[in-house]
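**Q** Let's see this in three dimensions:
(one chain, ligands or ions: 1)
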Amino acid sequence: HSLRNIDELCANIVRSHRETSQYRVEELHALRWKLFNREEIQAYQSKSVDEMWQHCAIRLTEAVQYVVEFAKHIPGFRMLSQNDQIALLKTGSMEVVLVRMSRFFNTENNTVFFDGKFAGTEVFKSLACGDLITAVFDFAHGMCALKLTEQQIALFSALVLINADRPCLEDKGRVQRVQRSVEFGLTHILHRDNQESLMHKLYQRVAVLRSLCSLHMEKLRWFSQRYPLTAHSLFPPLYKELFA
Ligand SMILES: CCS(=O)(=O)c1ccc(CC(=O)Nc2nc(-c3ccccc3)c(C(=O)c3ccccc3CC(C)C)s2)cc1
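**A** Residues are numbered from 1 along each chain as shown. Have a look, this model is predicted:
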């Protein structure tokens, strides 16, 4: 890998991250004290479990669509087989959404951006999965503590997505080559920022992401059994395709 290639790779991934990030950091930073008032919180809490799940699934699917766009512009991703691209997105897209959402987490009032304002955990009460919500908030806290730059988040997101250890890959070797080039990119960026120590902290975050996403899948299975009609006919097709 000549240095020029690595610089080009990083520039491509950072540009793709910026162009597919759905909201810009400064845009949401300006909103970070826009909180839901008592009536609005009451309205969310009086939604039924299936109504709130459907509401969130639609929002989450919107965020996932931007991650699909991001993936398509990662050098080498499009050279993978269709099946391998789907396999990587099936397991990685939620992880990238969580990494992205953590950027807008307000650690001062423990709120996350949701539906145009910032929401505390109480807004999600009617989802009836408090442990998942707590885990998402804890993960976001952990990510904020690392104070990653947008460039570091872009490369980290690409690395989360391009993972050769994902199950049922047709051409593991090919995915490994793309993964290695992205790893080079992230190491290069961290070296340039004089923050090599972040690398092992990022790999620890990946482990937390894995458990968080399996908790999400577990809750989704619980929800689909309890509300089969909503899960099968009212959830966005992409959500079902990727998570069900
Ligand atoms: C991701 C790109 S972005 O520009 O950063 C961005 C873009 C858009 C938004 C707005 C947004 O959709 N926020 C959502 N927040 C939560 C949420 C919910 C519970 C706690 C914490 C955050 C959503 C979820 O549906 C969610 C997310 C993670 C795990 C579980 C769930 C709920 C399950 C039942 C589907 S959607 C925020 C940020």
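**Q** quick one, what contacts the residue nearest the centre of the chain?
**A** Among the residues of the chain, the one closest to the centroid is residue 97, at 1.7 Å (Cα atoms, centre = their mean). By Cβ atoms under 8 Å, 6 or more residues apart in numbering, residue 97 lies in contact with 60, 63, 64, 67. All C-beta atoms are positioned from the backbone trio N, CA, C, and that covers glycine.
**Q** do the same with residue 15
**A** Contacts of residue 15 (Cβ under 8 Å, 6+ apart): residue 73.
**Q** For the helix or strand containing it, which residues meet the burial criterion?
**A** In the assignment (DSSP states H and E), residue 15 maps to helix 3-19. Neighbour counts over helix 3-19 (16 or more other Cβ atoms under 10 Å) mark 6, 9, 10, 12, 13, 14, 16, 17 as buried.
**Q** What's the local residue count around the closest residue to the last one other than its chain neighbours?
**A** Okay, so that is residue 17. Leaving aside its sequence neighbours, residue 17 sits nearest to residue 154 (Cβ to Cβ, 6 or more residues apart in numbering; 3.4 Å). Using other Cβ atoms under 10 Å, residue 154 has 29 other residues around it.
**Q** what does the one 3 residues further on give?
**A** A count of neighbours around residue 157, defined by other Cβ under 10 Å, yields 27.
**Q** residues touching it, list them.
**A** With contact taken as Cβ under 8 Å, 6+ apart, residue 157 is in contact with 17, 67, 70, 96, 99, 100.
**Q** same for the ligand: which of these are within range?
**A** residue 100 (Cβ under 6 Å from any ligand atom).
**Q** nearest to residue 140, of the contacts of residue 157?
**A** residue 99 (9.5 Å; Cβ to Cβ).
**Q** which secondary structure element contains the closest one?
**A** helix 82-102.
**Q** just checking, next helix/strand downstream of that helix?
**A** strand 112-114.
**Q** Tell me the gap between the next helix or strand after that next one and the middle of its chain.
**A** Sequence order places strand 117-119 as the next helix or strand after strand 112-114, per DSSP H and E. How far strand 117-119 lies from its chain's middle: 18 Å, per Cα atoms, centre = their mean, to the nearest Å.
**Q** Next, the angle helix 82-102 makes with the helix or strand following strand 117-119.
**A** Once strand 117-119 ends, the next helix or strand along the chain (criterion: DSSP H and E) is helix 130-145. Interaxial angle of helix 130-145 relative to helix 82-102 (axes from the mean of the first three to the mean of the last three Cα atoms, to 10 degrees): 80 degrees.
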